[in-house]
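Asker: What shape does this take:
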Amino acid sequence: MTIIDELRLMNETTILQLDKRGIDSKRNEIIKLILNDEKCFSKMKKNEAYDVLEDIGISKDRLRKVYQKLI
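Answerer: Next up, the predicted model:
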C-alpha cells in the first residue's frame, strides 16, 4: 500500500466517523476527490497540503515528514 492509498483510507475512515457523529464531512468529501490525483500534494502550496494532511488525521509532529514523502 502506498502512502497516498493510506491517506485515502484514513480520509474514508474520517468521513465515516464524522457522519456517525452527525458532523459535517463536506471538507473530507472534497479531500476525497483531491486524493484521486496521485500528484495532488505537489500541486498544492505547502500550507494547503499541511491543512489537508491535518484534516485527514496526520498529527502535527508528523506533517513535515509525510509531506516530504509525498512530494
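
Asker: Can you tell me the element Asp5 falls in?
Answerer: Assessed by DSSP states H and E, Asp5 sits inside helix 3-21.

Asker: buried ones in that helix?
Answerer: Ile4, Leu7, Arg8, Met10, Asn11, Thr14, Ile15, Leu18 (16 or more other CB atoms under 10 Å). No exception for glycine: its C-beta is placed from N, CA and C like everyone else's.

Asker: ditto for stretch 31-44
Answerer: Ile31, Lys32, Leu35, Cys40, Phe41, Met44.

Asker: where does the third one fall, phi/psi-wise?
Answerer: By that I understand Leu35. When quoted as degrees, to the nearest 10, the phi and psi of Leu35 stand at phi -70, psi -10.

Asker: Could you number the chain from 46 rather than 1 from now on?
Answerer: Sure thing, new numbering starts at 46, so read that last one as Leu80.

Asker: Report the separation between it and Gly67.
Answerer: According to CB to CB, to the nearest Å, Leu80 stands 24 Å off from Gly67.
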